[in-house]
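Colleague: Requesting a structural model of the entry that follows:
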Amino acid sequence: MIVVLLAGACSQSSTEPPKPPRPTPIGQLDTARMVIPRIAFCDLVPDRAVEDALGGELSGSREWSTGDPARPVTGSTGDVTDEFGCSWTSTAGTTARAWVFSRPVTAVFARRVVRDAAAQRGCRTEPGPGFGQPSELQVCRLPGDVLRVRNAGLFGNSWLACEVQARDPGRTELRSSAERWCVEVANALDTAG
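Modeller: I've put the predicted structure just below:
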């Protein structure tokens, strides 16, 4: 009789699909071993990662490549991009973006990017979790009570940046969201595998 009960218990299956594992904390990524290709990558980013970063319903997305007109945030006209990137926006206005420079980046150039990030108006850099070497964690207060958190860094000779911005979010909550988002993007692109 005992054997029958054990067999019955083992044959029952849960109707709920297993939850995906939480991503590695950003500070535990082995960025020195990761290989980030300089390619169009938007389709590689998991839908669930986009949904988690947006925290709401997707209302639109955009993809850009080297040679496309530069994003309006550059403040200039006639410029073209030198990167591959993606942007997703929720109905609430939250935006998740990621991009990788299309050309190889040296450590000297990467340090200049980090230095320039610290001087950007309305932004400050903070000690970060080491998302590449060198890396930056930038927090910006944008017009309209919008907060943006960006992690960026050098992986080998590829510069990867990712960010989440939202209107009037909790700073700690947005930083955690941006960290999870960046881990998902880096893991999706990593070919070291």
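Colleague: which residue ranges form the strands in this protein?
Modeller: Here the chain has its strands, by DSSP state E, at 58-64, 83-90, 95-101, 123-126, 135-142, 146-155, 158-167.
Colleague: Residue 83 pairs with what?
Modeller: residue 101 (DSSP bridges).
Colleague: got the contact list for it?
Modeller: 64, 66, 99, 100, 101, 102 (CB atoms under 8 Å, 6 or more residues apart in numbering). No exception for glycine: its C-beta is placed from N, CA and C like everyone else's.
Colleague: From residue 105, how far off is it?
Modeller: Plainly put, residue 83 is 11 Å away from residue 105 if you go by CB to CB, to the nearest Å.
Colleague: I'd like to know which elements the longest helix anywhere in the chain is packed against.
Modeller: Selection of the longest helix in the chain by residue count, based on DSSP state H, yields helix 171-189. Applying 3 or more CB pairs under 8 Å, 6 or more residues apart in numbering; DSSP states H and E, we find helix 171-189 packed against helix 47-54, strand 95-101, strand 146-155, strand 158-167.
Colleague: Columns mean neighbour count and mean pLDDT on top of the ones you listed, output as JSON lines?
Modeller: Below are the helices and strands packed on helix 171-189 laid out as JSON lines (neighbours: other CB atoms under 10 Å; pLDDT from 0 to 100):
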{"stretch": "helix 47-54", "mean neighbour count": "18", "mean pLDDT": "95"}
{"stretch": "strand 95-101", "mean neighbour count": "24", "mean pLDDT": "96"}
{"stretch": "strand 146-155", "mean neighbour count": "24", "mean pLDDT": "95"}
{"stretch": "strand 158-167", "mean neighbour count": "24", "mean pLDDT": "96"}
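Colleague: Which one of the ones you listed lies nearest to residue 173?
Modeller: Set against residue 173 and scored by CB to CB, these come closest in strand 158-167, at 8.9 Å.
Colleague: Starting from that closest one, tell me which strands it pairs with and how they run.
Modeller: Strand 158-167 has these strand partners (DSSP bridges): strand 95-101 (antiparallel), strand 146-155 (antiparallel).
Colleague: Report the backbone C-alpha coordinates of the longest one in CSV.
Modeller: Translated: strand 146-155. The C-alpha trace of strand 146-155 is given here as CSV (Å, rounded to 0.1, in the frame of the first residue of the first chain):
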residue,chain,number,x,y,z
VAL,A,146,12.0,61.5,-15.2
LEU,A,147,14.8,59.5,-13.7
ARG,A,148,17.3,57.5,-15.8
VAL,A,149,19.8,54.9,-14.5
ARG,A,150,22.5,53.7,-16.9
ASN,A,151,25.1,51.0,-16.5
ALA,A,152,27.8,50.9,-19.1
GLY,A,153,31.2,49.4,-19.5
LEU,A,154,34.0,47.8,-21.6
PHE,A,155,33.7,44.1,-22.2
